[in-house]
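Undergrad: sequence and computational prediction follow.
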Amino acid sequence: MRKILNPTVNSLEPMHTLFQAFKIGSMEIKNRFMRSATTSAWADEQGVIRPEIVNLYEHLSSGDVGLIVKGHLYVTEKGKAHVGMAGISSDMQIPKLKELTDAVHRHGGKILAQINHAGYHSIVERAGPSDYFGGEWKARAMSASEIWDVIEEFGQAAMRAIEAGFDGIQLHGAHGYLISQFLSKRANSRADEWGGMLENRMRFLKEIYHGIRCSLGGDVPIALKMNCDDFSLDGYTVDEATVVARDMAALGIDLIEVSGGGIGQEEVYRERARSLDPDLCEASFAGHAVKIRSATKPKPLALHCSPKGLFAGLSWNHPELVWT
Ligand SMILES: Cc1cc2nc3c(=O)[nH]c(=O)nc-3n(C[C@H](O)[C@H](O)[C@H](O)COP(=O)(O)O)c2cc1C
C-alpha cells in the first residue's frame with residue numbers, strides 16, 4: 001500500500017477515496033481495489049478448481065482486495081480456451097467453487113464469476129461467428145441454432161455461479177474470445193442478423209445480457225469486461241466500443257471494465273489507447289477509457305493501472321472509478 005504514495009503529489013485527499021466503500025449496483029464493496037480476472041490454469045480435466053486456487057483467492061481477500069473477479073470460467077466445454085481452465089458448465093463444478101466464494105466472503109470480500117466462451121480460440125472446437133482463417137488455424141461459422149445454444153449456456157452458467165455463492169457475474173467480452181469476435185467486423189463477416197452493422201454485431205452480447213438479467217433479476221450485479229480497441233488494422237475501434245458501452249450502460253450493466261486486444265491485434269496499435277497526459281500514461285488504456293467514460297457515466301468504470309497511474313487517476317477527479 002505504501003507504494004502508492006507519491007511524494008510529488010501534495011494532497012493525499014484522493015488516497016482516501018480508494019479506501020471508501022463503494023456500490024456496484026446493489027453490491028457494496030469495502031474499498032475500490034479490484035483484482036481483475038487472472039486465470040491460474042490450475043483446474044483439473046473436468047474444469048473443477050483445486051485447493052490451491054481456493055487458497056490463492058482467500059489470500060487476496062484477506063489482503064483486503066474489495067472486489068475480486070475469478071479467472072475465466074467456460075460456460076460449455078466446447079468453449080474451453082486452454083488446458084487447466086476452470087468451468088461452470090456442469091453442476092458438479094459448483095461445490096469447489098462454493099468453497100472458493102466462502103473463503104473470499106470470510107474476509108469481507110466480494111467476488112464475481114467471469115464467464116466465457118473462447119470461440120475461435122477454443123481448444124475443443126474452433127467455431128465462432130464466421131468461417132475464419134487465423135494463419136495457422138481455421139474455424140467454422142456457428143449456425144443460428146448453435147448461437148442460441150451458447151446464449152442459453154451463458155444463462156445456465158450464470159445461474160450456477162449464483163448457486164456457487166458468487167456475488168455477481170462478469171461477461172468476458174474482451175481479448176478476442178467469442179463475445180468480442182461477434183463485436184469485431186474483422187472477425188465477424190456474417191450476413192444475417194448477427195453480423196454486418198454494429199447493431200447486429202452487438203446482438204449476441206445483448207441477448208446474453210438479457211437472458212441473464214431475466215433469470216437473475218435486477219439486483220444481481222452484472223459486469224462487462226470489454227475491449228476499447230482490438231488493436232488490429234481493420235477490427236473493432238474505440239468509436240464502436242463507446243457505442244457498445246453506452247448501449248450496455250443504458251440496458252443496465254452495472255460495471256464496465258476496460259481492456260483491449262483481439263483478433264488480428266498487432267503490438268504497434270496498442271499505443272493509440274494510451275493517454276498523452278503524463279499522469280495517466282501508465283494506465284494502458286486510459287486515453288480510450290476517457291472516451292468510453294463520457295458515454296457511460298455515472299456507471300462505474302474499471303481500468304487496469306499502475307500505482308502511479310492509480311494515484312494520478314484519483315487526482316483526476318473521477319472518484320467513482322474502481323481501479324484495478
Ligand atoms: C496470467 C494472466 C491471466 C489472465 N487471465 C485472465 C482471465 O482469466 N480473464 C481476463 O479477462 N483477463 C485475464 N488476464 C488479463 C488481465 O486481467 C488484464 O486485463 C490485463 O493484464 C490488463 O492489460 P495490461 O496488462 O495490458 O494493462 C490475464 C492476465 C494474465 C497476465
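TA: Cool, the structure landed.
Undergrad: only C-alpha atoms for contact and neighbour calcs from this point on.
TA: Fine.
Undergrad: the residue of the stretch 151-300 of the chain found nearest the ligand - how many residues pack around it?
TA: Proximity of the stretch 151-300 of the chain to the ligand (CA to the nearest ligand atom) peaks at S284, 4.8 Å away. By other CA atoms under 10 Å, the residues close to S284 number 23.
Undergrad: so it, which of the three states?
TA: Under the three-state scheme (DSSP: H, G, I helix; E, B strand; the rest coil), S284 adopts coil.
Undergrad: over to Y120?
TA: helix.
Undergrad: which non-adjacent residue is nearest the residue of the stretch 151-300 of the chain closest to the ligand?
TA: Nearest residue to S284 in three dimensions, chain neighbours excluded: R274, at 5.7 Å (CA to CA, 6 or more residues apart in numbering).
Undergrad: please name the residues that touch the one you found.
TA: C281, A283, S284, F285, A286, G287, H288 (CA atoms under 8 Å, 6 or more residues apart in numbering).
Undergrad: what's the pLDDT at the first one?
TA: In other words, C281. On the pLDDT scale, C281 is placed at 69.
Undergrad: please apply the same query to P7.
TA: At P7, pLDDT is 34.
Undergrad: ok, the residue of the stretch 1-150 of the chain at minimum distance from the ligand - contacts?
TA: Residue nearest to the ligand within the stretch 1-150 of the chain: T38 (3.3 Å; CA to the nearest ligand atom). T38 makes contact with V69, K70, G71, H72, according to CA under 8 Å, 6+ apart.
Undergrad: thought the second one was touching L112?
TA: If I follow you right, that is K70. Yes. Under the criterion of CA atoms under 8 Å, K70 makes contact with L112 at 6.2 Å.
Undergrad: report all helices and strands that the host helix or strand of A103 contacts.
TA: Assigned by DSSP states H and E, A103 belongs to helix 94-106. Taking 3 or more CA pairs under 8 Å, 6 or more residues apart in numbering; DSSP states H and E as contact, the helices and strands that helix 94-106 lies on are helix 51-62, strand 110-116, helix 144-163.
Undergrad: tell me the buried residues in it?
TA: For helix 94-106, burial by neighbour count (16 or more other CA atoms under 10 Å) applies to I94, K96, L97, K98, E99, L100, T101, D102, A103, V104, H105.
Undergrad: what's that helix in contact with?
TA: Defining contact as CA under 8 Å, 6+ apart, one finds that helix 94-106 is touched by 48-50, 53-55, 57-58, 60-62, 88, 110-111, 160-161, 163-166.
Undergrad: could you check the angle it makes with helix 144-163?
TA: If you take axes from the mean of the first three to the mean of the last three CA atoms, to 10 degrees, helix 94-106 sits at 50 degrees to helix 144-163.
Undergrad: per-residue confidence averaged over helix 94-106?
TA: In this model, helix 94-106 has an average pLDDT of 98.
Undergrad: off-centre distance for that helix?
TA: 20 Å (CA atoms, centre = their mean, to the nearest Å).
Undergrad: what inclination does that helix have with respect to strand 110-116?
TA: Relative orientation of helix 94-106 and strand 110-116, computed by the same axes, to 10 degrees: 140 degrees.
Undergrad: got the CA positions of helix 94-106 in CSV?
TA: Output of helix 94-106 as CSV, limited to C-alpha atoms (Å, rounded to 0.1, in the frame of the first residue of the first chain):
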residue,chain,number,x,y,z
ILE,A,94,-20.3,-26.0,-8.1
PRO,A,95,-19.2,-27.4,-4.7
LYS,A,96,-15.5,-26.5,-5.1
LEU,A,97,-16.4,-23.0,-6.4
LYS,A,98,-18.6,-22.6,-3.3
GLU,A,99,-15.5,-23.3,-1.1
LEU,A,100,-13.8,-20.5,-3.0
THR,A,101,-16.6,-18.0,-2.6
ASP,A,102,-16.9,-18.9,1.1
ALA,A,103,-13.2,-18.3,1.6
VAL,A,104,-13.5,-14.8,0.0
HIS,A,105,-16.6,-13.9,2.0
ARG,A,106,-14.9,-14.9,5.3
